[in-house]
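Trainee: next input, structure requested:
(one chain, ligands or ions: 1)
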Amino acid sequence: MRKKLFIPGPTEVKSEVLEKMANPLISHRGKEASDLQRGISQKLQKLMYTHNEILLSTSSGSGLMEGAVRSCTRQRAAIFTCGAFGERWYEMAVANQVNADRFNVEYGQAITSEMVEQALKSGNYDLITITHNETSTGVMNPIEEIAKVVQKYPDVIFCVDTVSSLGGIKIPVDELGIDICITSSQKCLGLPPGISLCSISEKALLAAKEVKHRGVYFDLLRLYEYLVKKDYQYPSTPSLSHMFALDYQLDLILEEGLENRFQRHQIMADKVREWAKDNFSLFAEEKFASNTVTCVKNTNGFNFKKLNQRLAEKGFMISGGYGKLKDKTFRIAHMGDMTVQEVEELLTTIDEIMEQEG
Ligand SMILES: *Cc1c(COP(=O)(O)O)cnc(C)c1O
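Mentor: Residues are numbered from 1 along each chain as shown. Next up is the predicted model:
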């Protein structure tokens, strides 16, 4: 039986969008490819509220995360982490011999603007990374407040992981002064996994020019320069099939209306949070609870695996805890093209199962 995915990626993809992946291929060196990418860039700029250039990568979002920290750190990076995906960014810095320090908060807590201020005022850092929406803990960090602090340090490159939030929560990239805003296809954008994208500022590009060893495939400066010189084409062959689907899906997203889309995510999140509080409790501090994924604390010591098995029989799938939270939590994603009604159906079904199981 097909299971509707309430997991934080991959998310459900509309069949009309999936069908675009089956379009006949085109040359990646022709005018058609240039037009395709130019159109995608313009639409993404709307979604990101930015005038910065857009880069696409035929990799999942992690590729661009690694590319950003490696390409643009001149001296030292400050990596803020409140969960597994923040940890991953630190691991990438270390593995690439990028000088970096990690600033942690306890899982379930948010990164604060005070912490960021404390780190940046040391003058040690010229790049910082923030996970906007930490998918492992269900925490959405206070990005506006953090941005206000970062803006006081014009030499610092501001990198933000919006992999599980862009397309579900408003991220006004230019207003927040985000230099590199990264996302993946398979979460809030409602596309199959396999490509990722980012915006990149002039400032980030200038920083990259000072970095000697940027690698090749994920060298953001190289991608940018090629794109500008070759009319929106890429140095290697991109996943054109994903690009067809992305181009079409962006039309659907803009048709829905960005404010409507964000509102829908708010309503879905409110419903799931209320349900979680009635039956269990929230893992994240409520003030910082995510609008795209709810991490539920498994307070009742109840059998999550069994629940998901029963849900599978009814055509639904939710997610277990991530990493070290595996047995302590479970997660319900409410992102992408999911509707409020579908979320309600899921919650009712879980209630029925819990009742039957006692
Ligand atoms: C899923 C996720 C990632 C990893 O993205 P991939 O596309 O799987 O590489 C990174 N950060 C966050 C916040 C995520 O949710």
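Trainee: the longest helix anywhere in the chain: which residues count as buried?
Mentor: Taking DSSP state H as the criterion, the chain has its longest helix at helix 258-279. For helix 258-279, a neighbour-count test (16 or more other CB atoms under 10 Å) marks 261, 264-265, 268-269, 271-273, 275-276 as buried. C-beta here means a position set from N, CA and C on the backbone, and glycine is covered the same way.
Trainee: now stretch 154-167
Mentor: Under the neighbour-count criterion of 16+ other CB under 10 Å, stretch 154-167 has 156-167 buried.
Trainee: near the ligand, which residues of the stretch 51-200 of the chain?
Mentor: For the stretch 51-200 of the chain, the residues in contact with the ligand (CB under 6 Å from any ligand atom) are 60-62, 85, 131, 133, 135, 161, 163-164, 184, 196.
Trainee: OK, now which residue of the stretch 201-350 of the chain is nearest to the ligand?
Mentor: Minimum separation of the stretch 201-350 of the chain from the ligand (CB to the nearest ligand atom) falls at residue 293, amounting to 8.0 Å.
Trainee: coming back round to it: which among the buried residues of stretch 154-167 gets closest to residue 281?
Mentor: Distances from residue 281 to the buried residues of stretch 154-167, taken as CB to CB, are shortest for residue 164 (21.4 Å).
Trainee: am I right that residue 158 is in contact with residue 182?
Mentor: No. Assessed by CB atoms under 8 Å, residue 158 is found out of contact with residue 182, at 11.6 Å.
Trainee: re the thing from before, the longest helix of the chain: how far from the chain's middle?
Mentor: Centroid separation between helix 258-279 and its chain, computed with CA atoms, centre = their mean, to the nearest Å, is 18 Å.
Trainee: residue ranges in the stretch 201-350 of the chain under the pLDDT threshold?
Mentor: The model of the stretch 201-350 of the chain has pLDDT under 70 over residues 300.
Trainee: can you pull out the strands in it?
Mentor: Per DSSP state E, counting those that start in this stretch, the stretch 201-350 of the chain carries strands over the ranges 281-282, 293-297, 316-317, 319-320, 329-333.
Trainee: the last one packs against which elements?
Mentor: In terms of contacts (3 or more CB pairs under 8 Å, 6 or more residues apart in numbering; DSSP states H and E), strand 329-333 is packed against strand 293-297, strand 319-320.
Trainee: distance from that strand to the middle of the chain?
Mentor: Strand 329-333 has its C-alpha centroid displaced from the chain centroid by 16 Å (CA atoms, centre = their mean).
Trainee: before we move on, back to that, the residue of the stretch 201-350 of the chain closest to the ligand bridge partners, please.
Mentor: On the basis of DSSP bridges, residue 293 is bridged to residue 333.
Trainee: hang on, isn't it packed against residue 8?
Mentor: Yes. Between residue 293 and residue 8 there is a contact under CB under 8 Å: 4.6 Å.
Trainee: more neighbours: which of those two?
Mentor: Each of residue 293 and residue 8 has its neighbours counted (other CB atoms under 10 Å); residue 293 has more, 32 against 29.
Trainee: what sits against residue 51?
Mentor: Counting by CB atoms under 8 Å, 6 or more residues apart in numbering, residue 51 touches 45, 174.
Trainee: report pLDDT for it.
Mentor: Per-residue pLDDT puts residue 51 at 98.
Trainee: can you classify it by secondary structure?
Mentor: At residue 51 the chain is in coil, as set by DSSP: H, G, I helix; E, B strand; the rest coil.
Trainee: no further queries at this time; thank you.
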